[in-house]
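In: Following is a predicted model, sequence given first.
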Amino acid sequence: MSDIRIAAVDADWLLARISGRGATDVRDGVAQLIDSGELSVGSQLPTIRELARVAGVSVGTIADAWVGLRELGLIETRRRGGTLVAARAASVDERPRSDAAFPGWSRIDLVQTNADVTLQPELGAALLSSLDARDLNASGRDYMTDRLRAVVEPGWPFEAEAWTTAGGGTEALLLATAAAAPPGSIVAIDEPVVPGYLETLKDLGVTPIGLSSDESGPTVESLRDALARGAVAFVFQPGGPFALDRSVSEERVRELAAAIREHPTPVWVIEDDSIGPLAVQTPPSMGAVIPQQVLRVRSFCKAYGIDIRTSVLGGSRELVNRSIAERSHGVGSNSRILQNALAHLIDSPAAKVNVDNARMRYATRRSILLEELDRVGLSAQSGPESLVVWIEVENETDVLVALASRGISVGSGRKTFVSRPERGLLRISVTQLPDDRALIAELAGIVAGAVQGSLREYFD
């Protein structure tokens with residue numbers, strides 16, 4: 001049997017034929033080389049790390065270009081053979097154009113921070129891996145399987161007294177809130193919060209007090225004021241998934257924990273880690289200082305998909321037990337299949353590649369939107385890990401109506417703050433934005449028109 005020799009492409013040779021060094025430049029340059037025949041079918045491309053080193057760019061830039069080429073069917077990656085030019089490379093002219101594929105802004109979700117499902121890992125292997133558990137279909141409940149705990153515990157930011165699971169992150173947060181704050185009580189809120197959470201607090205009979213923030217997170221003074229007014233719990237978002245412009249510092253977390261520890265009556269802390277694996281680094285936790293008073297909620301839906309429907313709660317034993325009791329009076333529990341499928345994904349190198357790519361793509365979309373909004377003269381901001389961009393406006397209602405007349409829905413700032421902000425704010429989710437600067441620039445122009453009044457309709 002003859003040896004088939006695969007031509008290895010030199011990184012310097014490849015880069016000399018590509019004009020730019022951005023992800024789009026590399027993707028389109030390689031695509032043109034494939035289409036022209038300069039890169040033949042079966043050619044082995046340089047590794048991502050090698051190409052990034054020679055190009056002087058980040059590994060993420062080349063990885064993003066490779067993702068685009070793979071989606072176009074131009075390259076394929078083999079376990080031991082590296083990345084090759086695909087056997088059936090489509091012509092550049094035959095590839096779907098971004099403008100042709102774009103469904104229009106009225107079909108893009110700019111309100112919710114639902115994940116882009118095209119960036120999430122396949123679930124087939126994860127689900128199959130969960131079917132070999134010996135205790136499958138056994139009587140009784142596993143509030144958290146051993147397999148899931150084994151992969152979650154090493155990365156938890158403090159030593160948890162107890163563990164449990166729930167459905168999606170929103171359900172887990174509501175269970176934890178109900179466990180910490182009985183009807184008629186007051187809670188301190190790190191705002192802005194996930195849309196809909198404040199309305200749910202009303203259903204729970206709980207009164208929220210919004211805290212002030214600076215560049216390091218919620219201020220200690222505003223937390224102490226809320227505690228003095230009777231708050232029994234603090235709902236904290238250390239990762240800043242909806243932050244306007246701040247990132248919570250380790251020092252601020254210690255200061256907030258000290259204020260809670262010094263308070264004369266016990267105060268619970270619910271830490272909402274809704275970004276989960278998509279965070280660049282694990283957000284800080286008060287659990288390192290006051291572990292018996294903290295319950296951390298981590299969601300995995302944005303990283304791995306909503307159908308995994310398994311979030312993890314770890315921390316105070318009392319709050320874990322109360323959360324279990326709040327869920328269908330202690331009868332509810334998550335399927336062992338889903339728990340172990342999540343464990344597989346957390347531990348999977350392939351899934352990690354998907355998550356790393358999604359993290360980078362969301363950050364890029366956020367950055368481009370901020371740049372394009374600034375280009376059209378709008379004041380916009382977003383936290384370093386935020387999944388939304390905030391735009392300052394004079395009148396929220398006028399702009400919302402103007403955009404709605406074009407079939408475009410964006411979020412209202414006042415629905416995520418306890419007290420109406422001093423300035424009008426619009427919220428745009430970045431997770432569903434297209435990877436196309438021209439389209440994002442188009443959106444920025446439409447928003448600018450609404451803000452500046454050029455989209456208003458007048459009647460004689």
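Out: Thanks, I have the structure now.

In: From here on, just use CA atoms for contacts and neighbour counts.
Out: Will do.

In: Quote the end-to-end distance of stretch 123-134.
Out: Counting by CA to CA, to the nearest Å, you get 21 Å between the two ends of stretch 123-134.

In: Please spell out which residues along that stretch are buried.
Out: 123, 126, 127, 129, 130 (16 or more other CA atoms under 10 Å).

In: Out of those, which sit inside helices?
Out: Residues from the buried residues of stretch 123-134 lying in helices, with DSSP state H as the criterion: 126, 127, 129.

In: tell me the least confident of those residues?
Out: Taken together, those show their lowest pLDDT at residue 129, with 88.

In: Settle this for me: that residue is touching residue 343, isn't it.
Out: No. Contact criterion CA atoms under 8 Å: residue 129 and residue 343 do not qualify, at 9.5 Å.

In: can you redo the buried residues of stretch 123-134 as JSON lines with distance to residue 182?
Out: Output for these, formatted as JSON lines (distance: CA to CA, whole Å):
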{"residue": "123", "distance to residue 182": "38"}
{"residue": "126", "distance to residue 182": "38"}
{"residue": "127", "distance to residue 182": "37"}
{"residue": "129", "distance to residue 182": "40"}
{"residue": "130", "distance to residue 182": "37"}
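
In: Give the next helix or strand downstream of the host helix or strand of residue 341.
Out: Using DSSP states H and E, residue 341 falls within helix 336-346. Tracing the chain C-terminally past helix 336-346 and defining elements by DSSP H and E, one meets helix 349-375 next.

In: what pLDDT, on average, does the next helix or strand after that following helix get?
Out: Sequence order places strand 380-381 as the next helix or strand after helix 349-375, per DSSP H and E. When the per-residue pLDDT values of strand 380-381 are averaged, the result is 96.

In: can you count the residues close to residue 310?
Out: 27 (other CA atoms under 10 Å).

In: Spit out the contact partners of the nearest residue to residue 230 once chain neighbours are set aside.
Out: Beyond its immediate neighbours in the sequence, the residue positioned closest to residue 230 (CA to CA, 6 or more residues apart in numbering) is residue 186, lying 6.3 Å away. Applying CA atoms under 8 Å, 6 or more residues apart in numbering to residue 186 gives the contacts 206, 207, 208, 209, 230, 231, 232, 233.

In: ok, and the most crowded of those?
Out: The most neighbours, when the contacts of residue 186 are compared by other CA under 10 Å, belong to residue 233, which has 26 neighbours.

In: What helices and strands are in contact with the helix or strand that contains it?
Out: Under the assignment given by DSSP H and E, the secondary-structure element containing residue 233 is strand 231-236. Strand 231-236 sits against helix 169-180, strand 186-189, strand 268-273, with contacts defined as 3 or more CA pairs under 8 Å, 6 or more residues apart in numbering; DSSP states H and E.

In: hmm, try it at 6 Å
Out: Under the contact criterion of 3 or more CA pairs under 6 Å, 6 or more residues apart in numbering; DSSP states H and E, strand 231-236 touches strand 186-189, strand 268-273.

In: what residues does that strand touch?
Out: When contacts are defined by CA atoms under 6 Å, 6 or more residues apart in numbering, strand 231-236 is touched by residues 186, 187, 188, 189, 190, 267, 268, 269, 270, 271.

In: can you tell me which residue is nearest the centre of the chain?
Out: In the chain, the C-alpha nearest the mean C-alpha coordinate belongs to residue 275, at 4.4 Å (CA atoms, centre = their mean).

In: Let me know the pLDDT of that residue.
Out: Per-residue pLDDT puts residue 275 at 92.

In: Return the residues in contact with it.
Out: Under the contact definition (CA under 6 Å, 6+ apart), no residues are listed for residue 275.

In: Any chance of the backbone angles for it?
Out: Taking degrees, to the nearest 10, you get phi -80, psi -30 for the backbone angles of residue 275.

In: Relative to residue 120, how far out is it?
Out: Using CA to CA, residue 275 is found at 14 Å from residue 120.

In: still on that earlier bit, and the strand holding residue 233, what's its mean pLDDT?
Out: On average, the pLDDT along strand 231-236 is 98.

In: Can I get that strand as CSV, trimmed to CA atoms?
Out: Once side chains and other backbone atoms are set aside, the C-alpha atoms of strand 231-236 remain, and they are given as CSV (Å, rounded to 0.1, in the frame of the first residue of the first chain):
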residue,chain,number,x,y,z
ALA,A,231,-32.2,43.6,53.7
VAL,A,232,-31.8,40.0,54.6
ALA,A,233,-30.0,38.9,51.4
PHE,A,234,-27.7,40.4,48.7
VAL,A,235,-28.1,39.2,45.1
PHE,A,236,-24.6,39.8,43.6
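
In: quick revisit: out of the buried residues of stretch 123-134, who's nearest residue 325?
Out: The closest of the buried residues of stretch 123-134 to residue 325 turns out to be residue 130 (CA to CA; 26.5 Å).

In: Next up, the contacts around that closest one.
Out: Residue 130 makes contact with 337, 340, 341 under the criterion CA under 6 Å, 6+ apart.

In: thinking the last one is in contact with residue 124, fair?
Out: No. Here residue 341 lies out of contact with residue 124, judged by CA atoms under 6 Å, at a distance of 9.2 Å.

In: The residue lying closest to residue 412 once chain neighbours are set aside in helix, strand or coil?
Out: Closest residue to residue 412 in three dimensions, ignoring its sequence neighbours and counting by CA to CA, 6+ apart: residue 426, at 5.2 Å. On the three-state scheme (DSSP: H, G, I helix; E, B strand; the rest coil), residue 426 is labelled strand.

In: Next one, pLDDT for residue 426 please.
Out: 95.

In: partner residues bridging it?
Out: On the basis of DSSP bridges, residue 426 takes part in beta bridges with residue 391, residue 412.

In: you'd agree it is up against residue 393?
Out: No. With contact taken as CA under 6 Å, residue 426 and residue 393 are classed as non-touching, separated by 7.2 Å.

In: If you count surrounding residues, which of these two has more?
Out: A count of neighbours by other CA under 10 Å puts residue 426 above the other of residue 426 and residue 393, at 23 against 20.

In: what's the spacing between that one and residue 420?
Out: Summarising the geometry, the distance separating residue 426 from residue 420, computed by CA to CA, is 13 Å.

In: Residue 236 now?
Out: Taking CA to CA as the criterion, residue 236 is separated from residue 420 by 19 Å.

In: Ok, residue 277 next?
Out: Residue 277 is 32 Å from residue 420, where distance means CA to CA.

In: Save the ones in helices among the buried residues of stretch 123-134 as a markdown table, and put in distance to residue 288 too.
Out: Listed next are those as a markdown table, based on distance: CA to CA, whole Å:
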| residue | distance to residue 288 |
| --- | --- |
| 126 | 32 |
| 127 | 34 |
| 129 | 34 |
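
In: ok, the residues you listed vs residue 324, which is closest?
Out: Nearest to residue 324, judged by CA to CA, of those is residue 127 at 24.9 Å.

In: So, low pLDDT: which residues of the chain?
Out: 1-6, 71, 78-81, 87-101, 454-460 (pLDDT under 70).

In: what's the domain layout of it?
Out: The chain breaks down into these domains under automatic domain parsing: 11-95, 101-120+355-452, 124-347.
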